[in-house]
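*Asks:* sequence first, then the predicted structure, then my questions.
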Amino acid sequence: MQIAAAKAIASLVPYETLSTTNIISEAFQGGVADIVAKSISSAVTEA
């Protein structure tokens, strides 16, 4: 579940903006909780 959450958070950063100082989404970016919750839910049902 932790890997699913990490991948969901990482997927929120557009490839064009990735850099050594920008590897994770903004802390208060809208929709993060929903995306992470859906990702974890999918991981649990697949396990």
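*Replies:* Arrived safely, thanks for sending.
*Asks:* only C-alpha atoms from now on, for both contacts and neighbour counts.
*Replies:* Will do.
*Asks:* which strands and helices sit next to the helix-or-strand element of the chain with minimal mean pLDDT?
*Replies:* Scoring the helices and strands of the chain by mean pLDDT, DSSP states H and E places helix 2-10 at the bottom, with a mean of 92. Using 3 or more Cα pairs under 8 Å, 6 or more residues apart in numbering; DSSP states H and E, the elements in contact with helix 2-10 are helix 32-46.
*Asks:* just want the angle from the helix it packs on to helix 2-10.
*Replies:* 150 degrees (axes from the mean of the first three to the mean of the last three Cα atoms, to 10 degrees).
*Asks:* so for helix 32-46, what's the average pLDDT?
*Replies:* Rounded to a whole number, the mean pLDDT of helix 32-46 is 94.
*Asks:* mind listing what's buried along the least confident helix or strand of the chain?
*Replies:* Buried positions in helix 2-10, judged by neighbour count with 16 or more other Cα atoms under 10 Å: A4, A5, A8, I9.
*Asks:* correct me, but the first one touches S39?
*Replies:* Going back to what we said before, that points to A4. Yes: counting by Cα atoms under 8 Å, A4 does reach S39; the two are 5.9 Å apart.
*Asks:* mind listing the shared neighbours of those two?
*Replies:* Applying Cα atoms under 8 Å, 6 or more residues apart in numbering, one finds that no residue jointly contacts A4 and S39.
*Asks:* tell me, what residue is most central in this structure?
*Replies:* I9 (1.5 Å; Cα atoms, centre = their mean).
*Asks:* so what's it up against?
*Replies:* Counting by Cα under 8 Å, 6+ apart, I9 touches I24, S25, V32, I35, V36.
*Asks:* same question for V36.
*Replies:* Counting by Cα under 8 Å, 6+ apart, V36 touches A4, A5, A8, I9.
*Asks:* from K7, how far off is it?
*Replies:* 9 Å (Cα to Cα, to the nearest Å).
*Asks:* check I40 too.
*Replies:* I40 is 10 Å from K7, by Cα to Cα.
*Asks:* thinking again about what came up before, can you tell me which two in the buried residues of helix 2-10 are farthest apart?
*Replies:* A4 and I9 (8.7 Å; Cα to Cα).
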